[in-house]
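In: Structure for this input, please:
(chains A and B)
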Amino acid sequence: MFIIRRSLLINPAFSWRGFCSPPINNKLFVGGLSWSVDEKSLKDAFSSYGEVTEVRIMYDKDTGRTRGFGFVHFSKADEAQCAKDAMDGKAFLGRPLRISFALDKVRGASVVVPRFSSVGDAAERDN
DNA sequence: GTTGAGCGTT
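Out: Below you'll find the model as predicted:
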């Protein structure tokens, strides 16, 4: 019987570094970026491992410089996993990269007020 | 001319 649950072995969701990694998605968190790294630089670097659909680097509104981290969106989660496994820990523009799967956060998702339309429980004051 | 772990609209 060499039949093993190969599904769990080939399944990336069960072969992370232990179990301290977030769920897999096509969004990658790229940290440890150099201060001179641009979105096009990251996209050009990650486009070799997959189809990059979106690249977002966080800039500082005060200094206008990069915060040193960004996000890379891939067309497929498999490409993102490949790019992560390939670029994670590697040096980029003189600084080691810290790549990780991004959290399922979206703009507006952090603060959302569920308003019930059928709530007549004294919640409607000036509707 | 600076700094260095992180998780999103600068």
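In: residue boundaries of the strands in chain A?
Out: A:27-31, A:52-59, A:66-74, A:91-92, A:95-96, A:98-101 (DSSP state E).
In: could you dump those strands to TSV with mean neighbour count?
Out: The C-beta positions use only the backbone N, C-alpha and C, and glycine is treated the same way. As requested, the strands of chain A are exported to TSV (neighbours: other Cβ atoms under 10 Å):
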stretch	mean neighbour count
strand A:27-31	21
strand A:52-59	16
strand A:66-74	20
strand A:91-92	14
strand A:95-96	14
strand A:98-101	18
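In: What does the pLDDT read for A:Val111?
Out: For A:Val111, the model assigns a pLDDT of 51.
In: for A:Pro22, same thing?
Out: For A:Pro22, the model assigns a pLDDT of 72.
In: And A:Ser7, by the same measure?
Out: pLDDT at A:Ser7 comes out at 48.
In: A:Thr63 now?
Out: So A:Thr63 comes in at 84 (pLDDT).
In: How much space separates it from DNA strand B?
Out: Applying Cβ to the nearest atom of the strand, to the nearest Å, the value for A:Thr63 to DNA strand B is 7 Å.
In: And A:Asn26, by the same measure?
Out: 9 Å.
In: Quick check, that residue in contact with A:Ala83.
Out: No. Between A:Asn26 and A:Ala83 there is no contact under Cβ atoms under 8 Å: 10.3 Å.
In: what residues does chain A put near DNA strand B?
Out: A:22, A:27, A:29, A:31-35, A:54, A:56-61, A:63, A:65, A:67-69, A:71, A:73, A:95, A:98, A:100-103, A:105-107, A:110 (Cβ under 7 Å from any atom of the strand).
In: residues shared between the contacts of A:Asn26 and A:Ala83?
Out: Common neighbours of A:Asn26 and A:Ala83 are listed as A:Phe74 (criterion: Cβ atoms under 8 Å, 6 or more residues apart in numbering).
In: one step back: looking at the strands of chain A, spot the one closest to A:Glu39.
Out: strand A:52-59 (4.5 Å; Cβ to Cβ).
In: Noted, bye for now.
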